[in-house]
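Q: this one's structure only:
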């Protein structure tokens, strides 16, 4: 048996910082003394924010809203209708951007499953979580779809798109079935990926880091909230954020940053950011 029965919310997971090593985490920069202790901070203007590449989508949205508002105002000679049209255009652009934006390159997206999980995880950024998408396990063909580091721990999330016509069922905490198909190999793969990530990050940082494996299933209904099967937490894809945030806080901001940077170094991206068009091949990415 693996971990045995698990509670619905998975709160029985062992601590993230394991082992007997009680050495302090990443050292903090000392507080400045003397005249440097109170350095005034300049205000950030709206113009500087809009010129920042990270806010390029906001600049485009403002231009779009203004253009639509002006055109409608000129056609109908009503500034109220023009303002309404501008607001509607901005809202429509925001909705479209939320559906289409992804840090996973569009040319290699396997299915909607990864994008749906990524959209959920993006909403955790304001709570201090950081995510690496499509990270390769060195010397293998395996990858972690989403590696999440945040206040409640470190998680390896694999997104699965399954046929909704076939039921999902489990036998105890050892077997997972999708219709007649036994998903033992998929569970073993998810567990192995998390173990490899844990070993690589732990070696890089010099202290033990536990990476919790999981499968987020989209398509068929999952008849439980969270169930640990072969040491892998299995749940419905829409439950990703709750599964992560319902745990106890165990990492500080400095620890999150240290783990994130270590993971960036030891888990390379599976796909190049800007591949040449000639090298963009489409493989069989389905699970």
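A: Arrived safely. For clarity, every value in this text was computed on a predicted model and none was experimentally measured.
Q: Name the helix or strand of the chain that has the lowest mean pLDDT.
A: helix 46-51 (a mean of 54; mean pLDDT, DSSP states H and E).
Q: the strands in the stretch 151-287 of the chain, which residues?
A: With strands called from DSSP state E, counting those that start in this stretch, the stretch 151-287 of the chain shows them at 153-161, 168-171, 175-178, 181-182, 211-218, 227-229, 232-236.
Q: just so I know, which of those lies nearest residue 73?
A: In terms of CB to CB, the element of those nearest to residue 73 is strand 211-218, at 43.6 Å. Heads up, the C-betas are built off the backbone N, CA and C, glycines and all.
Q: just so I know, which of the strands of the stretch 151-287 of the chain lies nearest residue 245?
A: Closest approach to residue 245 among the strands of the stretch 151-287 of the chain is made by strand 153-161 (10.5 Å; CB to CB).
Q: name the helices or strands packed onto the closest one?
A: helix 112-122, strand 143-150, helix 184-205, strand 211-218, helix 240-245 (3 or more CB pairs under 8 Å, 6 or more residues apart in numbering; DSSP states H and E).
Q: Give me the residue ranges of the stretch 151-287 of the chain where confidence is low.
A: Applying pLDDT under 70 to the stretch 151-287 of the chain flags the ranges 272-287.
Q: if you set the cut-off to 50 instead, what comes out?
A: Scanning the stretch 151-287 of the chain for pLDDT under 50 picks out 274-287.
Q: Out of the strands of the stretch 151-287 of the chain, which is closest to residue 270?
A: strand 153-161 (12.7 Å).
Q: which residues touch the nearest residue to residue 198 once chain neighbours are set aside?
A: Excluding the flanking residues, the one nearest residue 198 by CB to CB, 6 or more residues apart in numbering is residue 211, at 4.2 Å. Residues near residue 211 by CB atoms under 8 Å, 6 or more residues apart in numbering: 147, 154-156, 194-195, 197-198, 201.
Q: and with 10 Å instead?
A: 16, 144, 147-149, 153-156, 193-202, 259, 263 (CB atoms under 10 Å, 6 or more residues apart in numbering).
Q: now do residue 131
A: Residue 131 neighbours (CB under 10 Å, 6+ apart): 103, 117-118, 121-122, 124-125, 146-150, 155, 157, 260.
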